[in-house]
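[1] I'll drop the sequence and a predicted model, then ask my questions.
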Amino acid sequence: MESQVIRISVRNLVEFILRSGDIDNRITGSMEKDAMLQGSRIHRKIQKRMGSDYRAEVSLKIQCPCEGFSLQVEGRADGIMEEDSLVVIDEIKGVLKDLTHLSSPSAVHFAQAKCYAYIYARQQELEQIGVQVTYCHMETEEIKTYREVYTLLELEERFLKLIRE
């Protein structure tokens, strides 16, 4: 008998498990739609700048057996690039915050990139992989990146912990 498959996006998984902050949701309606359109435009612009070794919007998914069901975690990595002998997963975030005040990446953004990195590294049998979060100021188009390299084992431990939670 096949178990039921429950699907969840990488973004929804990490946002749910790592939720924090306040519940102020005053940015709604046309402001939210405008921000989403501007964010999509920034994504495409950055992706085009990255050159031929950059693959944009790569669909990834993995199924994890759980008690009585399988959890299918899926989403699209904003970019996958190969630099020398290192594959790097890139998660792009458009922001309005002054990037000089951004001292580290958001835990949720980095967790999202790590999930994509785990899925890709596992599928491609990579021992290590780069994880990058690229922030782009939506008005000035200034860019700030954060990158770390992880082993498949490190990413697997973090990914399975998210699934268990």
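    Structure received.

[2] As a check, name the ranges of all strands in the chain.
    4-9, 54-66, 69-83, 86-95, 128-137, 143-151 (DSSP state E).

[3] List of residues touching the shortest one?
    With contacts defined as C-beta atoms under 8 Å, 6 or more residues apart in numbering, strand 4-9 is touched by 63, 68, 69, 70, 71, 72, 73, 74, 75. For glycine as for every other residue, the C-beta is placed from the backbone atoms N, C-alpha and C.

[4] how near is the first one to residue 158?
    The one in question is residue 63. Remark: distance between residue 63 and residue 158 (C-beta to C-beta, to the nearest Å) = 18 Å.

[5] Likewise for the third one?
    Computed as C-beta to C-beta, the residue 69 to residue 158 distance reads 22 Å.

[6] The two: who's more crowded?
    residue 158 (16 against 12; other C-beta atoms under 10 Å).

[7] circling back to that earlier point, can I get the strands of the chain in TSV including distance to residue 121?
    Putting these into TSV (distance: least, C-beta to C-beta, whole Å) gives the following:
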stretch	distance to residue 121
strand 4-9	19
strand 54-66	10
strand 69-83	11
strand 86-95	8
strand 128-137	4
strand 143-151	8
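
[8] Residue 112: which of the ones you listed is closest?
    strand 86-95 (5.6 Å; C-beta to C-beta).

[9] buried sites along that closest one?
    Using 16 or more other C-beta atoms under 10 Å as the burial criterion, the residues of strand 86-95 that qualify are 87, 88, 89, 90, 91, 92, 93, 94, 95.

[10] Can you add mean pLDDT and distance to residue 164 and give the strands of the chain back as CSV?
    Shown next, in CSV, are these (pLDDT from 0 to 100; distance: least, C-beta to C-beta, whole Å):
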stretch, mean pLDDT, distance to residue 164
strand 4-9, 93, 14
strand 54-66, 92, 9
strand 69-83, 94, 10
strand 86-95, 94, 22
strand 128-137, 95, 21
strand 143-151, 95, 19
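
[11] of all the ones you listed, which lies closest to residue 41?
    Nearest of the strands of the chain (C-beta to C-beta): strand 86-95, 8.3 Å.

[12] Tell me how far the residue nearest to residue 18 when sequence neighbours are not counted lies from residue 115.
    Once flanking residues are discounted, residue 18 sits nearest to residue 108: 5.0 Å by C-beta to C-beta, 6 or more residues apart in numbering. Residue 108 sits 11 Å away from residue 115, going by C-beta to C-beta.

[13] One more: residue 19?
    16 Å.

[14] Repeat that for residue 159.
    With C-beta to C-beta as the criterion, residue 159 and residue 115 are 6 Å apart.
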